[in-house]
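K.L.:
Okay, structure incoming, though there's no sequence with it:
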Ligand code: NAP
């Protein structure tokens, strides 16, 4: 059974790893090619966009794919939508592997917002020293804010327009709570802005914000395609693949 894993996440790598060890699977992982030095999954990997829904449909047929796991990041909404449309058109089974989002605890001060633009408006109201941990792609939505100072953390340098008062911190998780507390203290951070990515890898910043009483602007996930079948763990996605194989 030939399986396309749409990747770019730790879960996608873990799934490629465990399913490669199962009988009867051929796995090909796909990366968008955004990160300069990506952590690669085991096995066959292709890199770069497919060229929209039509390109993906052609690729699925040319590569004799039998099933698709969309294990992209919860915020890669375009790729998830393309996967759903192309899979439906090709009559292929598709599951979206989505780690659960984060939940606030009683001591947290979280403001949920629908997108980067709304986050910029709310963050500027909450404080003058803002820690942006939304990756490099959405930073442009904050470029018009000339008064606050920003600490911008990303894996690769942002290419979008940036707010004039900022410092860039290039780093890749996981981060510890101690490190995150130190960072918040050192930079006198008053507001944390994050996407609701979920998962353990980058959750320490939320614990640090709680401990230091820093408010959090939490950007909600884009919706999954309607009628989407989902798995909330790597094990559940593997079980679904095994069921398909044995059907
Ligand atoms: P996106 O906005 O949903 O996708 C934009 C375009 O990038 C897609 O239409 C597709 O191009 C291409 N693409 C995306 N994921 C791909 C994949 N796995 N393989 C091949 N092409 C892919 O995606 P994004 O938010 O830019 O994210 C890009 C990649 O980074 C994803 O693989 C995602 O898992 C990873 N990532 C994203 C975030 C985030 O916060 N967005 C965080 C961590 C990792 P075509 O239309 O040409 O096919």
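P.N.:
Sure thing, it's come through. This is a predicted model, so every value here is computed, not measured.

K.L.:
Against residue 61, how distant is the residue most central in space within the chain?
P.N.:
In the chain, the centroid-proximal residue (C-alpha atoms, centre = their mean) is residue 73; its distance is 3.0 Å. Using C-beta to C-beta, to the nearest Å, residue 73 is found at 26 Å from residue 61. C-beta: built from backbone N, CA, C; applies to glycine.

K.L.:
need the residues of this protein near the ligand, please.
P.N.:
Counting by C-beta under 6 Å from any ligand atom, the residues of the chain close to the ligand are 6-9, 30-32, 34, 49-52, 55-56, 72-73, 75-79, 82, 135, 195.

K.L.:
one more time with 5 Å
P.N.:
Within the chain, the positions near the ligand by C-beta under 5 Å from any ligand atom are 6, 8, 30, 32, 34, 49-52, 72-73, 75-76, 78-79, 135.

K.L.:
In ChimeraX, how would I select just the buried ones from the residues you listed?
P.N.:
Buried residues within those, by 16 or more other C-beta atoms under 10 Å, are selected in ChimeraX with:
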select :6,8,30,32,50,72,73,75,76,79,135
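
K.L.:
quick check, nearest of the residues of the chain next to the ligand to residue 243?
P.N.:
residue 6 (19.6 Å; C-beta to C-beta).

K.L.:
which strand residues sit across from that closest one in the sheet?
P.N.:
Listed beta-bridge partners, residue 6: residue 30, residue 70 (assigned using DSSP bridges).

K.L.:
For the ligand, see how far away the residue lying farthest from the centre of the chain is.
P.N.:
Distance from the C-alpha centroid of the chain peaks at residue 247, with 31.4 Å (C-alpha atoms, centre = their mean). The spacing between residue 247 and the ligand, counted by C-beta to the nearest ligand atom, to the nearest Å, is 26 Å.
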